[in-house]
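>>> Requesting a structural model of the entry that follows:
(one chain, ligands or ions: 1)
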Amino acid sequence: MALGYEIRHCSDRKGKGLFATKDFSENEVIFEEKPLVSCQFAWNETYGYLACHHCLRPMEDTEENVRRLTNNPNIVLPFPELCPTNKSLHRYCDQCGVGFCSDSCKQQSWAQYHEYLCFGTHPALKNLYEAWKTMHYPPETASVMLIARMIAIIEQAQDKDSAISAFLEFAHGTSEERDGSILKFLGEQFFEKFECLRLLMSDIFQTCHAQSLVTEEGLKTLFAIAGRNSQGIGSSVFSIWVKNVEKFELSEESRKEINEFIDNVYLSMDRHVGCFLNNEGSGLYRLERCINHSCLPNASSTFPYGDYTLALVAKTAISAGEEICISYLDECELERSKHSRNKHLREYYLFECECEKCLKQSDEPDVTSEEETDSDMDEE
Ligand SMILES: C[S@@+](CC[C@H](N)C(=O)[O-])C[C@H]1O[C@@H](n2cnc3c(N)ncnc32)[C@H](O)[C@@H]1O
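Sure thing, here's the model as predicted:
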C-alpha cells in the first residue's frame, strides 16, 4: 500500500521536508514510528516516575499514580478495571533491578544496549548519571544517558557501520551550528561540562570502537545530534485511564460524577506537582525528524499508546502535495508575535522561520509579545 507521504527537497534554506502524496482528513494518523533510541530523563526517574526502562510505558497502576501525584494516599480510583497497567507482565533486570513493562522490552533492551549499560556490571555509569543530574535540573529537556545509549547501541550492533550511519543521518549543519546545539544541550560553561562528561564516558566505554566515539570530535557530533533532534516523550497512566473512561458507557449522572472526580484529581495534581505530571524522556525518530516547523501547523506528534510509539496526526485536512508541518513551539508560544516566535526558534532551534504565517507577517514591526517583555528585560 502507498505510504501517503514522501520526503523531498523543500527550499534551500529549509532543506528537505515531509509532503503528503494523498489527502488526509482531520485527526487521521499519517504514520506511526518507534524511536531509534530513547531514554527517560534522570530527575524524572529519581522523583519516582516509574517507567519501563525501554519504552517508557508507566509501571504504576492508575491508583498508585494518582495517590503519589496528589500526595493523597486515601484516594480510591473508580473503575480500576480501566487501568492499562498489567503488573503480571512486568520483568526486572536480574543484575541492576531496572523494570520493564514486558518480556519483549526486557529482551530488546538487553539485545540493543543494556548488556553494555547495566548499572550492575558497569558501576562507572552511576557517576555519569549523578554528574548529569547536577548539570541539568528540572524542567528537563535532555539526558546524557540518551547519548550513552546511542554509543551502546553502536557497540552492541552486529553491523556497527550501519548503526553509526543510522545516527549520522541526524547530523547536519555547520560546525558553528553544532557548537550552538551543544550549548543548548549543556547550558552555560558548556565546554567544562562537556569535558567532564566525556571523561566519565571514557571510563565506561573502553572498547576500541566505542573509544572512537568518546573523542572530542565524536562526542560533539553525538551531543549535537541529540541536542538538535530529540523529541520529548510523555506517558501518563492517568490520562490513558481517563481516555478509557471517556469511551465507557455511563448514565448521565455517573458521567457527571466521574467528570467531577477527574477535574478534582487534576486540580490536586496541579497543586502538588504542577505540570510535572508525566513519565518523561526523549528519543530520536527517523521519519519525524524530517518534518519542518510551521507557526500554523497542520499535524502534531502524539503518543496514543502511553509508550514511546509516536503517531503523527493531521490537525486539519491535508491535501496531496501539501507540506506536512508540526510546531516546534508550544501552544502558548505559537500565540505570540512573529518577533517573539522567531526569537525562540533562533535561540533553541537555530533558524529563522520561513513558514507561511511568518512570511505573511514579514511587514510586521519587530514587536515582542507583552507576556514576554518582562523576561526580555531581565535578559538585557
Ligand atoms: C528537524 S530538522 C527538519 C528537517 C530539515 N529541513 C532537513 O532538511 O533535515 C529542523 C531544521 O529544518 C529547518 N527548518 C525547519 N522548519 C523551518 C522553517 N519553518 N523555516 C526555516 N527552516 C526550517 C531548520 O534548519 C531546522 O534546524
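>>> near the ligand, which residues of the protein?
Within the chain, the positions adjacent to the ligand are 13-17, 172, 229, 289-290, 292-294, 349-351, 353-355 by Cβ under 6 Å from any ligand atom. For glycine as for every other residue, the C-beta is placed from the backbone atoms N, C-alpha and C.
>>> Which of the helices or strands spans the residue of the stretch 51-200 of the chain found nearest the ligand?
The ligand sits closest to His172 of the stretch 51-200 of the chain, with a gap of 5.4 Å, by Cβ to the nearest ligand atom. Using DSSP states H and E, His172 maps to neither a helix nor a strand.
>>> where does it fall, phi/psi-wise?
Dihedral pair for His172: phi -160, psi 170, per degrees, to the nearest 10.
>>> now swap in Phe24 and tell me
phi -120, psi 140.
>>> How about Leu267?
Torsion angles, degrees, to the nearest 10, at Leu267: phi -60, psi -50.
>>> what's the neighbour count on it?
For Leu267, the neighbour count with other Cβ atoms under 10 Å is 11.
>>> Model confidence at the nearest residue to Arg13 once chain neighbours are set aside, what's the number?
Distance criterion Cβ to Cβ, 6 or more residues apart in numbering; nearest residue to Arg13, sequence neighbours excluded, is Glu354 at 5.9 Å. If you check Glu354, the pLDDT there is 94.
>>> Burial check on Glu354, number of neighbours?
15.
>>> Enumerate every residue touching it.
Neighbouring residues of Glu354 by Cβ atoms under 8 Å, 6 or more residues apart in numbering: 11, 13-14.
>>> Weed out the non-buried ones from the residues you listed.
Lys14 (16 or more other Cβ atoms under 10 Å).
>>> Closest one to the ligand out of the contacts of Glu354, please.
Of all the contacts of Glu354, the ligand sits closest to Lys14, with 4.1 Å by Cβ to the nearest ligand atom.
>>> so of the residues of the chain next to the ligand, which ones are in helices?
Asn229 (DSSP state H).
>>> Name all residues that make contact with Tyr5.
With Cβ under 8 Å, 6+ apart, Tyr5 has these contacts: 18-21, 30-31, 324.
>>> swap that for Ile151, sorry
Per Cβ under 8 Å, 6+ apart, neighbours of Ile151: 201, 205, 210, 213-214, 222.
>>> Could I get the residues you listed in TSV, plus columns for pLDDT?
Below are the contacts of Ile151 laid out as TSV (pLDDT from 0 to 100):
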residue	pLDDT
Met201	93
Phe205	88
Ala210	74
Leu213	87
Val214	90
Leu222	93
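>>> from those, which single one is nearest Glu155?
For these, the minimum distance to Glu155 (Cβ to Cβ) is 4.9 Å, reached by Ala210.
>>> Quick check: closest non-adjacent residue to that closest one.
Glu155 (4.9 Å).
>>> Just to check, the one you found is in contact with Gln206?
No - under the criterion of Cβ atoms under 8 Å, Glu155 is not in contact with Gln206, lying 10.4 Å apart.
>>> Give me the more crowded residue out of the two.
Glu155 (19 against 10).
>>> Could you double-check that Trp132 sits in contact with Ser143?
Yes - contact status for Trp132 versus Ser143: in contact at 6.8 Å, counting by Cβ under 8 Å.
>>> Can you work out which residues contact both of the two?
Ala42.
>>> who has more neighbours, the two?
Ser143 (27 against 23).
>>> quick one: that one from Phe351, how far?
Using Cβ to Cβ, to the nearest Å, Ser143 is found at 24 Å from Phe351.
>>> likewise Ser162?
Counting by Cβ to Cβ - Ser162 and Phe351 are separated by 30 Å.
>>> swap in Leu89?
Distance from Leu89 to Phe351, by Cβ to Cβ: 43 Å.
>>> neighbour-wise, which of those two wins?
Phe351 (17 against 14).
>>> residue contacts, the more buried one?
So Phe351 contacts 13, 345 (Cβ under 8 Å, 6+ apart).
>>> Let me see the ranges of the strands in the protein.
5-11, 15-20, 29-33, 37-40, 91-92, 99-100, 231-235, 279-284, 299-302, 310-314, 323-324 (DSSP state E).
>>> can I get those in a markdown table with mean pLDDT?
Formatted as a markdown table, the strands of the chain follow (pLDDT from 0 to 100):
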| stretch | mean pLDDT |
| --- | --- |
| strand 5-11 | 95 |
| strand 15-20 | 95 |
| strand 29-33 | 98 |
| strand 37-40 | 98 |
| strand 91-92 | 98 |
| strand 99-100 | 98 |
| strand 231-235 | 94 |
| strand 279-284 | 96 |
| strand 299-302 | 96 |
| strand 310-314 | 98 |
| strand 323-324 | 98 |
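>>> Same list, the ones you listed, but as TSV with distance to Lys126 please.
Output for the strands of the chain, formatted as TSV (distance: least, Cβ to Cβ, whole Å):
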stretch	distance to Lys126
strand 5-11	40
strand 15-20	40
strand 29-33	32
strand 37-40	15
strand 91-92	18
strand 99-100	17
strand 231-235	24
strand 279-284	19
strand 299-302	32
strand 310-314	30
strand 323-324	42
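>>> residues contacting Phe167?
36-37, 150, 154, 222, 225, 284 are the contacts of Phe167 under Cβ under 8 Å, 6+ apart.
>>> before we move on, back to that, ok, the contacts of Glu354 vs Gly306, which is closest?
Relative to Gly306, the closest of these is Lys14; by Cβ to Cβ it sits at 33.0 Å.
>>> For whatever residue of the chain ends up closest to the ligand, list the residues it contacts.
Of all residues in the chain, Gly15 sits closest to the ligand, at 2.5 Å by Cβ to the nearest ligand atom. When contacts are counted by Cβ under 8 Å, 6+ apart, Gly15 touches 9, 172, 292.
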